[in-house]
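Okay, sequence plus prediction incoming.
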Amino acid sequence: MAIGNGEAAALLGDSGVGKSTLAASLREVGLRPLCDDLLAIEFYDQGAWVRPGIPRIKLGPDGAAALGISLDGLPRVAPAIDKYQLPLDRSAPWEERFRLTRLYRIDVGDFAVAPIRGQEAAMTMLDNLFRPAIGEELADDDRRFGQAMRLARDCATFRFSRPRALGEALTHARALAAHLARPL
């Protein structure tokens, strides 16, 4: 998610927790999602940086209906999957980079935005980086551990909890957008 001043925030969480619906909701309240599902991170001395990814959000019919988004004419993600490819802004050049400054672990529960620090932040990073099963070249656990620790150290990390209530998706997105607008 591009958040202004050349910065970005990433949404993390378990499969099915509503990250894509939240990203689509944030799009509806005026923010710019950079990708869905996969966020490539480049590490430099001055921090972690991200670029726009595949310009689509995978959105199911219930989430689309709650947001008033028509799925007419949108391609399915796959024939047997009831999710559709909602296009994102394609006008930004691939070379555009954003400094990753915030990470939000998305949870279902009572509404809250709370900082995560220390070991909990580190474990959140480890749980959300590529898993070794994806490929041998990505299975360098020492490197993955180092990257997770660096993200936990360099990025402000928060837990964003909200009830599983699609009817409140835009309200939750506005609350997160307000948090994103606050200085760190």
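Everything's here; your move.

Distance-wise, check residue 101 relative to residue 83.
Distance, residue 101 to residue 83, using C-beta to C-beta, to the nearest Å: 29 Å. Backbone N, C-alpha and C define where each C-beta goes, glycine included.

Could you do residue 75 as well?
Distance from residue 75 to residue 83, by C-beta to C-beta: 10 Å.

the more surrounded of these two?
residue 83 (18 against 10; other C-beta atoms under 10 Å).

pLDDT-wise, which helix or strand of the protein ranks last?
Least confident helix or strand, the chain: helix 141-154 with a mean of 84, by mean pLDDT, DSSP states H and E.

helices and strands around that helix, which ones?
strand 41-44, strand 47-50, helix 118-128 (3 or more C-beta pairs under 8 Å, 6 or more residues apart in numbering; DSSP states H and E).

And the contacts of it?
Among residues not part of helix 141-154, those counted as contacts by C-beta atoms under 8 Å, 6 or more residues apart in numbering are 41, 43, 47-48, 100, 103, 118, 121-122, 124-126, 129-130, 132, 138, 157.

Buried ones among those residues?
Among these, those scoring as buried are 41, 48, 100, 103, 121-122, 124-126, 157 (criterion: 16 or more other C-beta atoms under 10 Å).

closest to residue 33 among those?
Nearest to residue 33 among the buried ones among the contacts of helix 141-154, counting by C-beta to C-beta, is residue 100 at 14.0 Å.

Just confirm the closest one is within a strand.
Yes - assessed with DSSP: H, G, I helix; E, B strand; the rest coil, residue 100 lies in a strand.

ok, and the closest non-adjacent residue to it?
residue 48 (4.2 Å; C-beta to C-beta, 6 or more residues apart in numbering).

so what's that neighbour scoring on pLDDT?
Looking at residue 48, its pLDDT reads 94.

name the element residue 65 belongs to?
helix 61-67 (DSSP states H and E).

and that helix, which residues are buried?
Quick answer for helix 61-67 (16+ other C-beta under 10 Å): 63-64, 66-67.

Widest-spaced pair of these?
Of all pairs in the buried residues of helix 61-67, the most separated under C-beta to C-beta is 64 and 66 at 7.3 Å.

Contacts only, for residue 1.
8-11, 23, 26, 31-34, 180.

Mind putting these into CSV with pLDDT and distance to residue 90?
Shown next, in CSV, are these (pLDDT from 0 to 100; distance: C-beta to C-beta, whole Å):
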residue, pLDDT, distance to residue 90
8, 96, 17
9, 97, 21
10, 95, 20
11, 96, 20
23, 96, 16
26, 97, 18
31, 94, 16
32, 93, 12
33, 94, 12
34, 93, 12
180, 97, 22
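
Okay then, goodbye and thanks.
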